[in-house]
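Chemist: this one's structure only:
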């Protein structure tokens, strides 16, 4: 499903098995980093109004207006001007914004929002070149089918990254008859989130439905299916404050603690 981290896994394969991204390739991601960072702070600012959260410093409301005035041109040009970066830093430093960020499951927000916004000073430098980790964290919606090749232990692999949103599935579901394996990615951290394209549907429920349909699809009767549970780090962060009962109503608080403890033991 969408935003499960599929494309990040493909990037990791390139970093691990294909010597990563060259400096020129990293430079090409600079505009994406800027856009992701701008879009993240804009999403939080918009949510301030819908969630009825006030800025702790009233002057941040003026910064919010300035943000919207400057952001369109910056994104269009693939830049992060100093004036805009300063506005974003002031906004991100406001405790009202931080309170809104803490409630990010109630609106759509990039998983990497805090990663970029916490490092605005570095990202805003005129000579900024994205690091491998910066590239790994970028979010670009996958459309169509993106093919990646890599070699491991003298075996040549072809990976096909496909769009997970509902509108993208019809483009690929029938194309993969005869593939060796399907890696189905599920974001563990999505248990308390809803789809971007359908805010009535829980993301984990959507992933479970899609996984069931793939496992029982006639195109994949001879195909190995690997279930990849992704975004464990984000899951560990939010499980302490966001109950599993949001997704699984039968899970009580005491059971959630046991589930989390077992998970920690298994990965220790």
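Modeler: That came through fine. What you see is a predicted model; the values in this text were computed from it and never measured.
Chemist: which residues in the stretch 1-150 of the chain form strands?
Modeler: Secondary structure of the stretch 1-150 of the chain by DSSP state E, counting those that start in this stretch: the strands cover 145-152.
Chemist: and the closest residue to residue 135 other than its chain neighbours, how far is that from residue 196?
Modeler: Distance criterion CB to CB, 6 or more residues apart in numbering; nearest residue to residue 135, sequence neighbours excluded, is residue 29 at 4.8 Å. (Glycine included, C-beta is placed from N, CA and C.) Noted for residue 29: a distance of 22 Å to residue 196, by CB to CB, to the nearest Å.
Chemist: more crowded one of the two?
Modeler: residue 29 (20 against 12; other CB atoms under 10 Å).
Chemist: was I right to think the more buried one contacts residue 134?
Modeler: Yes: with contacts counted by CB atoms under 8 Å, residue 29 reaches residue 134, the gap being 7.0 Å.
Chemist: remind me which residues of the stretch 1-150 of the chain are low pLDDT?
Modeler: 1-2, 142-144 (pLDDT under 70).
Chemist: neighbours of residue 46, just the number please.
Modeler: Residue neighbour count, defined by other CB under 10 Å, stands at 15 for residue 46.
Chemist: right, I mislabeled it, should have said residue 224
Modeler: 10.
Chemist: can you name the residues bridging to it?
Modeler: residue 181 (DSSP bridges).
Chemist: give the contact list for the residue positioned nearest the centre of the chain.
Modeler: Nearest residue to the geometric centre of the chain (CA atoms, centre = their mean): residue 111, 4.1 Å. Residue 111 is in contact with 3, 139, 189, 231, 234, counting by CB atoms under 8 Å, 6 or more residues apart in numbering.
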